[in-house]
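In: got a sequence here, can you model it:
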Amino acid sequence: MTIRSMTKEEILALTPGKRVHLRLNDGRIGSAKVNGKVRTWKRDPSRVEVPLKYGLYEYCTFSLSEALARLVVQEG
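Out: Residues are numbered from 1 along each chain as shown. This next block holds a predicted model:
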């Protein structure tokens, strides 16, 4: 199984409730759910926030640079 990082276009196309794979802190691949709308700003188009829920009580918000580094797509 091979993985690749998500592109900016793929990140912006995420919808609430979609399951995504991400690199965990220990190097393994985990799963999370998009917990809301991917937010963008008109005044600063490079500012993007991706809200995620993982586990039972854990939530986080990734900036665009974090999302590009940690969100992955499995191929094959």
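
In: CA only for contacts and neighbour counts going forward, please
Out: Noted.

In: for this protein, give me the ranges with low pLDDT.
Out: Along the chain, segments meeting pLDDT under 70 are nowhere present.

In: go again with 80.
Out: 1, 76 (pLDDT under 80).

In: so which elements touch the lengthiest helix in it?
Out: Counting residues, the longest helix found in the chain (DSSP state H) is helix 64-70. Judged by 3 or more Cα pairs under 8 Å, 6 or more residues apart in numbering; DSSP states H and E, helix 64-70 is in contact with strand 2-5, helix 8-12, strand 48-54.

In: in that helix, which residues are buried?
Out: 64, 67-68, 70 (16 or more other Cα atoms under 10 Å).

In: contact partners of that helix?
Out: 5-8, 11, 22-24, 46-50 (Cα atoms under 8 Å, 6 or more residues apart in numbering).

In: let's have these in TSV, adding distance to residue 59.
Out: Converted to TSV, the contacts of helix 64-70 look like this (distance: Cα to Cα, whole Å):
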residue	distance to residue 59
5	21
6	20
7	22
8	21
11	18
22	14
23	15
24	14
46	23
47	19
48	17
49	13
50	11
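
In: just the buried ones from these, in ChimeraX syntax?
Out: What follows is the ChimeraX syntax for the buried subset of the contacts of helix 64-70, where burial is set by 16+ other Cα under 10 Å:
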select :5,6,11,22,23,48,49,50
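
In: which of the contacts of helix 64-70 lies at the shortest distance from residue 37?
Out: Within the contacts of helix 64-70, proximity to residue 37 (Cα to Cα) peaks at residue 50, which comes in at 7.4 Å.

In: just checking, that closest one touches residue 38?
Out: Yes: at 4.9 Å, residue 50 counts as touching residue 38 under the criterion of Cα atoms under 8 Å.
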